[in-house]
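Asker: Quick one, structure for this:
(one chain, ligands or ions: 2)
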Amino acid sequence: MKFVQISDLHVGGLFKQEAFNILVEEINELNPDAIIISGDLTDEGLIFQFKKASDEIKKFTCPNLIIFPGNHDYRHTGYLLFRKYFPSSSKQVYEFKSEKDNVVILSLDTALPDRDEGEVGDSQNLWINEVLKTYDNNVTKIVTMHHHLIAIPDTGFTNLVGILDSGDALRILTENGVSLVLCGHKHRPWLWNLGNLKIAYAGTSSSWRYRGIFEDTYNIIELKEKNINIDIKIVGGRKFPISELVKKYEPEKRLAFSK
Ligand SMILES: [Fe+2]
Ligand SMILES: [Fe+2]
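Answerer: Ligands and ions are numbered 1, 2, ... in the order given. Next up, the predicted model:
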C-alpha cells in the first residue's frame, strides 16, 4: 500500500507552478492509494488562492485526496472558504484494505482563525479516541495534522506555533496504538522514531518557502505487512529514506550563528 504526503503548496506569490506540474506528473505515475495534502494549500487564505489551489489539485488522477487546513488557509477569514473549495475535507476517516494490510487514516483540523499555532482541542481529541478504539490491533493507525505534534530542529520556537495541547493529543494517540503521525507546517522534512510511534514531517512540495533542504519535496509512505517505510522525494530529483536526512543533520553548523 502506498501513500503520498504533499504539504504546504502555498498557492500565492511564492508558489512554484513548474515544480507543481512536475509533482503532478510524478505522483500520477506513482499511482498511490491516497494523497495526503497536509495544509497550507494557500499562502494567505485569499479567495483567488483557494480557487487556484482547488483547480491545481484536480490535476491529480488519484481519487483519494485527504485534505485538511493549515494556519495559512485560515488567515483573512479563509476558514469560511476552506470547506467550500475543498468539500471533501469534511471527511476525516479513511479506510484502506489490501491483501495484507488494513489501514485507517484520520485527518485532523488543527488550524485556528488568524493564529499560527495549532490545537487538537478537547472535543477533537475525544473524537479521535472514540474512532480509534473501534479498530483492533491488526489495523495500522495513521493520524495526520498540519501543525507539528512535537518540535523539530531548524524551526525556531516551534513549540509556540506547534500543537498547543500536544500532551493531550500524544496521550490519546499512543494509548490507541497509532503507528504514524504525519505533519506539515514549517517546511522542514524530519522524522522522529519514538518507540512504536513514528512522526514524519513533510517539506513544501511547491513553493519557495524552503527550510533546511532547499528543494521541493514530498514524502512517500509504503506499508508492507504493517511495516512502514518513509522516503523523501525531491520533485524532479532523487528519492531516499527520510532517516538519511535526519542522520545528516549537523548541529555544529548552527553554532556559528548562535549566541
Ligand atoms: Fe506552510
Ligand atoms: Fe503552516
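
Asker: Which residues of the stretch 1-150 of the chain lie near ligand 1?
Answerer: 8, 40 (C-beta under 5 Å from the ion). Placement of C-beta: from N, CA and C, glycine included.

Asker: make it 6 Å
Answerer: Applying C-beta under 6 Å from the ion, we find that the stretch 1-150 of the chain lies next to ligand 1 at 8, 10, 40, 70, 72.

Asker: where in this structure is pLDDT low?
Answerer: Along the chain, no part satisfies pLDDT under 70.

Asker: rewinding a little: mind giving me the PyMOL command for buried ones among the residues of the stretch 1-150 of the chain next to ligand 1?
Answerer: In PyMOL, a selection of the buried entries from those looks like this (16 or more other C-beta atoms under 10 Å):
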select buried, resi 8+10+40+70+72
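
Asker: from the residues of the stretch 1-150 of the chain next to ligand 1, which two are the most distant?
Answerer: Largest separation among those by C-beta to C-beta: 10 and 70, giving 9.1 Å.

Asker: where do the contact lists of those two overlap?
Answerer: 40-41 (C-beta atoms under 8 Å, 6 or more residues apart in numbering).

Asker: picking up where we left off before, in CSV, list the residues of the stretch 1-150 of the chain next to ligand 1 along with secondary structure.
Answerer: Below are those laid out as CSV (DSSP: H, G, I helix; E, B strand; the rest coil):
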residue, secondary structure
8, coil
10, coil
40, coil
70, coil
72, helix
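
Asker: Within reach of ligand 2, which of the residues of the stretch 1-150 of the chain next to ligand 1 are there?
Answerer: 40, 70, 72.

Asker: could you list every residue that touches the closest residue to the first one other than its chain neighbours?
Answerer: Pointing back at residue 40 there. Using C-beta to C-beta, 6 or more residues apart in numbering and skipping residues adjacent in sequence, the residue nearest residue 40 is residue 70, 3.4 Å away. Residue 70 makes contact with 8, 38-41, 111, 146-147, 184-185, according to C-beta under 8 Å, 6+ apart.

Asker: Among these, which one lies nearest to residue 238?
Answerer: Looking across the contacts of residue 70 and measuring by C-beta to C-beta, the closest to residue 238 is residue 8, at 20.5 Å.

Asker: gap between that closest one and residue 34?
Answerer: 18 Å (C-beta to C-beta, to the nearest Å).

Asker: Over to residue 106?
Answerer: From residue 106 to residue 34 the distance is 13 Å (C-beta to C-beta).

Asker: Need the overlap of contacts for these two.
Answerer: Listed contacts common to residue 106 and residue 34 are residue 94; contacts here mean C-beta under 8 Å, 6+ apart.

Asker: Could you count how many residues lie near residue 254?
Answerer: A count of nearby residues for residue 254, using other C-beta atoms under 10 Å, gives 11.

Asker: in what helix or strand does it lie?
Answerer: Element membership for residue 254, per DSSP states H and E: helix 252-255.

Asker: Any residues of the chain in contact with ligand 2? List them.
Answerer: 40, 70-72, 146, 185.

Asker: Can you tell me which of those residues is closest to ligand 1?
Answerer: Closest approach to ligand 1 among those (C-beta to the ion): residue 40, at 3.5 Å.

Asker: how long is stretch 196-208 end to end?
Answerer: Stretch 196-208 has its terminal residues 34 Å apart, counting by C-alpha to C-alpha, to the nearest Å.

Asker: That one: which residues count as buried?
Answerer: 197-207.

Asker: Among those residues, which one sits closest to ligand 2?
Answerer: For the buried residues of stretch 196-208, the nearest to ligand 2 is residue 204 (9.6 Å; C-beta to the ion).

Asker: What strand or helix carries the closest one?
Answerer: Residue 204 is located outside every helix and strand, with elements delineated by DSSP H and E.
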